[in-house]
Structures are given as structure tokens and as C-alpha cells.
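Enquirer: here is my input, please return the structure:
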Amino acid sequence: MRFTLGATIVLMGVLGLALALATGEIYRHQTLESQRLALEELVQITTSEQLRDLEERARDLGLALQSEPGFRHALANGKRDVLIRQLRNQFRQYFVTASIIKLEKLVVYDTRYRPLGTANAGNTVASGCPTLLDRARARTGAARVQSLAALCLSKNQVRYVVLVPAGGLNPVGYLEIVTDPAPVLARIESKLGFPVRIRDASDRRIFSSEAWPPPNAMHNTLVAEHVLTTAAGEPALKIAVLRDVKLLQQGLAKTRWLVMVLALATTLLGVILALYILEKTTLQPLNNLALQLRRVGSNKDHIGEQVVTGGIAEIRELGEDFNQMARELDRLYGSLEHLAFTDPLTNLPNRARFRDTLEESVRQYTLAHQPFALLLTDLDRFKTVNDTLGHQIGDLLLQEVSSRLRSVLRESDTVARLDNEAIVGLEGKMVARLGGDEFAAILPRVSSIDDASAVARKLLLSMQEPFLIRGHAISIGISIGIALYPRHGEDIDTLMQRADAAMYFAKNNQCGLAFPDTMQQAELI
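Expert: Here you go, the predicted model:
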């Protein structure tokens, strides 16, 4: 569970980092896109300003032409030779010679937009703008005295055409001024401080700044492009501006790594905090319950121990249920253990429990070299009591005998020499009923025949006093067989066999107590 939950939290942290990385990348793209849109808007504004400036220059040129002596008179009278001569003179005027505008063509129209004279720059044959003329013809009223301007595309050439009325408020004709907009638009480079590239609708390069990098050196650059359309809505020119965003990219990369470091630190702190909270509120309490289950599995003595779980409310509730179950199991196990290892008549340990205690005594000797004595007893004349007074009196007699045996052994000198911890450990284990009228006892730390005999004689003396049971004074005797560990046997089966043989020897010879050594001496005699 710890691994699964921990892996889940770590996976969520990794997903958080991935989200932070993706967010940083999206932020970088959005920032660059915002910069591109802002630059594109700036290009659009600057382009519009340049075209307005070009329109004003063309209008000034038209006004200058109208100020020539005899121009209006020639226009009003339709003198084509005079008009053409004056038109050609305009190609030598200041606006043209100073390269303020690049004049391509001049056309004079009458009031019905019929051409009266045309002049071209050099040997070029520049086309006009039929769309612009159609717009002019459609005008009525005061709109006829306003100038018109538009980009026009004819024969794959882009021209900026301005139509200026001649004659003031009462036009006597119109001047069409056709210019090349590329030189004027190229000045965007000086205004914005960025390299400029101008291409036509067919992607043919018309102008490119010297600072415009080659295609293989376009990294860390941002290109914003604005498309100019003709009066008919067709794409005419593509004006692109390039900006070096190396410093911006570096700043964004630095910000991204800073965000990643902060996200990593925050995620790591969150994972550690989540694991700590998970450990304290869930895993540790559950681990305490699992540890208690393992302890109970290895040693049933821990079955009734209570576990302090803590943690969240659900875990505490689970812990309370676990402790309640442990208490019930302890009570049930205690009852079953009492039934399995206790003689129901005398409340003494039975043969199975006595054998376990005997094995424990052997283990103690192996660990601490603590010898002990084994006493097996059998009541004399007990069968006669059962036959004459009944089994009920016999059962009461066995209860009195067990009580007297425990009292004598607890108050014996041998036991009195033991420390309190050893006495507590022997409580309820010193005497056992093996069945019928047979009893057994273990004397710890007894290694000599004299000490064992002293305790046995006290048992013999205690049995000489009659038992008063329901008005009957009953006198019985007792026969005791004693075996010392490890002197008379190094395993419990051998020890039990020799103590049992000594007991029957004492019973048959009516000598009260006997040792295996006593039997050997008798055989020698």
C-alpha cells in the first residue's frame, strides 16, 4: 500500500511537472505570438502612414502642376500638346528629382474621364488603374472634388495611383498620378529600425534590406508580415519586418527554467508533505495493526493487546473495531485455552499443560543451566474411597488433595529461595493433575536428592492429616516418585518414565517416596 500510494503521489507530481513544462512552452509560444501580432500591427500602421504620405506628395505634385501658367486654359480648351509638354516637365520637378516619390506616369482627363494627355517616366509604359476610374465615375455632387488613392495591380506590377481634381471647386478635369510605392514603403526600415522585405503577390522579391538574414540564419528571429490589397481586394504587396528576439528567447528560457525549478521544488515539497501526512494518518496506523497481527500470529500471548492507531477518523474507527475484536478473541482464546489445558475438577493444569511446562523447564536448563526435580504422585486407598463413599466424595477428595499439594509446595523452603519473578512464573504451573488420582509437580533449581526429599516428606506429612469431607474423616496416603534433571534423564520422556517407575516402587514397597537411585540400590540388594 505504501508503494502504491507513494507511486500515485509521485506520478501526480510528475504529471504536475509535465503540466508546468507544457504551460511554460505554451506561454513562450503565446508571448512570441503576441510580439508578432504587435509587430504586425506596427507594420500595418507604419505602412498606412507611408501610403498617406505618398498620397500627400502626389497631391502636392498635382497642385504644383495646376499652378503652371496656361495649364488650366490648355485643359479647358483641350490643347493636348501643351498638356503633354507640361506633364513631361513634372518629371524634372523637385519631388521626382529628390527621390521623394518615384513617378511612373501622369495622365490628364477631362471631366468625363477621357484622357487628354499622358507622360511616362523614361521609356517605361506604366499602366493606370481602371478600378479607380470606375470609382471616380460613380461619384456625384461634392464627392467629385475629392481626391482618390488606391493600390492597383496591372500586368504583375503594383502601382499607387492618386486621382486629383483640377480646377478647384469647379473641376475642369482630373490628374492621375501613378507612382511606384516600393521606395516609399522601404523607408519603414529607418522608421522602425528593423530589416524590411517587400514581395509581390507571386512572392517575387521587390525589395530586401541588406540586414535581412539568409534562410539558414533565421533562428532567434521573429517575422511579422502585412499584406496590402488592391482596390479590387486582390493581394498586391507582402511587407515583412524582421525582429531579433534572441534576448527575448533567452529571457523566456530563463523564466521557463525558473518556473520549472519552482514547480519542481513545490512539487517535491508537496510530495514529501503528502507522503508524510499519508504516513502519519494512514500508513503508520495500518502498519501498527499489521504488526500486531504478525505478533499474534507468532505468539498467542499478544492476542489481547490493544493497539493505539491514531490517524484519520476512518483509521481510528478501524483501530477501535480491531481492539474490540482483539478483546473478544482474547476472552474466547482464554476460555478455550483454559478448557484445553486445565483439569475441570481440580482447576489444576492437565497432562498436556504439564508436559509443556516440563519442556519449558528443559529449555531453561539448556539456556541457564537451571536443574529441576520432577515429582509424580499417586494416592493410596483412593479406590476404596470411591467404592465405599461414592465418586462424588472421591471428586471432593481430589479437590482437597490438589489444594493441599499446592499449599505445601508454595510454602516449601525450596520455593521460598526463589526470587519473586520466578515465583510468579511458577504460579499455577508447579502442580498438575495427570488423570485419576495421579498428580505431578516440578521443583525448579533443585539438583540434589536431599532437597527433593525434604519437599517430598512435607507432602507425605500433609497427607497424613485426615480430610473432612461432608462429615467423613478420610485418611489416605501418597506415594511419590522423584527424578532429577539431567541426572536421571536428559529428555522429558525418559524423565517421566523413571519418575513413574520410582513412584510405583514407592507404592509397592510402601516407603512413601523413591528415586531411580533407590530402585537401583534395591536391585543390588
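
Enquirer: where in the chain is the helix or strand with the lowest mean pLDDT?
Expert: The weakest-scoring helix or strand in the chain, judged by mean pLDDT, DSSP states H and E, is helix 420-426 (a mean of 43).

Enquirer: OK, contacts around I45?
Expert: By Cβ atoms under 8 Å, 6 or more residues apart in numbering, I45 lies in contact with nothing. C-beta coordinates here come from the backbone N, C-alpha and C atoms, glycine included.

Enquirer: what pLDDT does it get?
Expert: Looking at I45, its pLDDT reads 94.

Enquirer: which element is it on?
Expert: In the assignment (DSSP states H and E), I45 maps to helix 2-66.

Enquirer: after that helix, next one along is what?
Expert: Next along from helix 2-66, by DSSP H and E: helix 71-77.

Enquirer: any weak-confidence spans in the stretch 51-200 of the chain?
Expert: 94-98, 123-127 (pLDDT under 70).

Enquirer: packing partners of whatever helix or strand L264 lives in?
Expert: If you go by DSSP H and E, L264 is part of helix 246-278. Applying 3 or more Cβ pairs under 8 Å, 6 or more residues apart in numbering; DSSP states H and E, we find helix 246-278 packed against helix 2-66.

Enquirer: and F207, helix, strand or coil?
Expert: strand (DSSP: H, G, I helix; E, B strand; the rest coil).

Enquirer: look up the closest residue to it, ignoring the ones flanking it.
Expert: Closest residue in space to F207, ignoring its immediate chain neighbours: I198 at 4.2 Å, by Cβ to Cβ, 6 or more residues apart in numbering.

Enquirer: can I take it that that neighbour is in a helix?
Expert: No - read with three-state DSSP, I198 is strand and lies in no helix.

Enquirer: and it, what is it in contact with?
Expert: Residues near I198 by Cβ under 8 Å, 6+ apart: A182, L185, A186, R205, I206, F207, S208, L237, K238, I239, A240.

Enquirer: ok, of the residues you listed, which one's closest to L19?
Expert: For those, the closest approach to L19 (Cβ to Cβ) belongs to A240, at 35.4 Å.

Enquirer: per-residue confidence for the closest one?
Expert: We note a pLDDT of 93 for A240 in this prediction.

Enquirer: can you offset everything so residue one is 52?
Expert: Understood, numbering begins at 52; the last thing we discussed is A291.

Enquirer: on that earlier part again, neighbour-wise, which of the contacts of I249 leads?
Expert: I290 (26 neighbours; other Cβ atoms under 10 Å).

Enquirer: tell me how far the residue at the greatest distance from the centre of the chain lies from Q300.
Expert: Most distant from the centre of the chain: N128, at 92.4 Å, with distances by Cα atoms, centre = their mean. N128 sits 68 Å away from Q300, taking Cβ to Cβ, to the nearest Å as the criterion.

Enquirer: before we move on, what about L329?
Expert: Taking Cβ to Cβ, one finds L329 at 41 Å from Q300.

Enquirer: try D111
Expert: In terms of Cβ to Cβ, D111 sits 45 Å off from Q300.

Enquirer: same thing with G528?
Expert: G528 is 112 Å from Q300, by Cβ to Cβ.

Enquirer: could you do L342 as well?
Expert: 57 Å.

Enquirer: and the helix holding I96, how far out from the chain's middle?
Expert: What separates the centre of helix 53-117 from the centre of its chain is 35 Å, taken as Cα atoms, centre = their mean, to the nearest Å.

Enquirer: just for the stretch 402-551 of the chain, where's the confidence low?
Expert: Residue ranges of the stretch 402-551 of the chain with pLDDT under 70: 462-480.

Enquirer: tell me where it has helices.
Expert: Listed in chain order, the helices of the stretch 402-551 of the chain (DSSP state H, counting those that start in this stretch) span 402-419, 433-440, 442-461, 464-467, 471-477, 500-515, 543-560.

Enquirer: redo the ones you listed as CSV? Include mean neighbour count.
Expert: Output for these, formatted as CSV (neighbours: other Cβ atoms under 10 Å):
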stretch, mean neighbour count
helix 402-419, 15
helix 433-440, 15
helix 442-461, 17
helix 464-467, 14
helix 471-477, 12
helix 500-515, 17
helix 543-560, 19
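
Enquirer: turn these into TSV, columns for distance to D161.
Expert: Shown next, in TSV, are these (distance: least, Cβ to Cβ, whole Å):
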stretch	distance to D161
helix 402-419	135
helix 433-440	159
helix 442-461	148
helix 464-467	148
helix 471-477	136
helix 500-515	155
helix 543-560	143
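
Enquirer: for these, which one sits closest to R186?
Expert: Using Cβ to Cβ, the helices of the stretch 402-551 of the chain put helix 402-419 closest to R186, at 118.5 Å.

Enquirer: so the closest one versus helix 543-560, what angle?
Expert: 120 degrees (axes from the mean of the first three to the mean of the last three Cα atoms, to 10 degrees).

Enquirer: just checking, what packs against helix 402-419?
Expert: helix 364-392, strand 423-431, strand 482-486, strand 489-495, strand 528-536, helix 543-560.

Enquirer: what comes up buried for the helix holding L315?
Expert: Going by neighbour count (16 or more other Cβ atoms under 10 Å), the buried part of helix 297-329 is L299, Q300, L303, R307, A314, T318, V322, A325, L326, L329.

Enquirer: list the contacts for the fifth one?
Expert: Read it as A314. Taking Cβ under 8 Å, 6+ apart, one finds G67, L68, A71 in contact with A314.

Enquirer: isn't R432 up against I527?
Expert: Yes - contact criterion Cβ atoms under 8 Å: R432 and I527 qualify, at 5.1 Å.

Enquirer: what about the two, which has more around it?
Expert: Taking neighbours as other Cβ under 10 Å, R432 and I527 compare with I527 leading, 17 against 13.

Enquirer: and that one, how far from A550?
Expert: For I527 relative to A550 (Cβ to Cβ), the value is 21 Å.

Enquirer: got it, and I239?
Expert: Look at I239 and A550: by Cβ to Cβ, they are 121 Å apart.

Enquirer: repeat for I135
Expert: 154 Å.

Enquirer: cool, and I444?
Expert: Distance from I444 to A550, by Cβ to Cβ: 29 Å.

Enquirer: which SS class is T360?
Expert: coil.

Enquirer: ok, and the closest non-adjacent residue to it?
Expert: Once flanking residues are discounted, T360 sits nearest to G370: 3.0 Å by Cβ to Cβ, 6+ apart.

Enquirer: neighbours of that neighbour, just the number please.
Expert: Residue neighbour count, defined by other Cβ under 10 Å, stands at 21 for G370.
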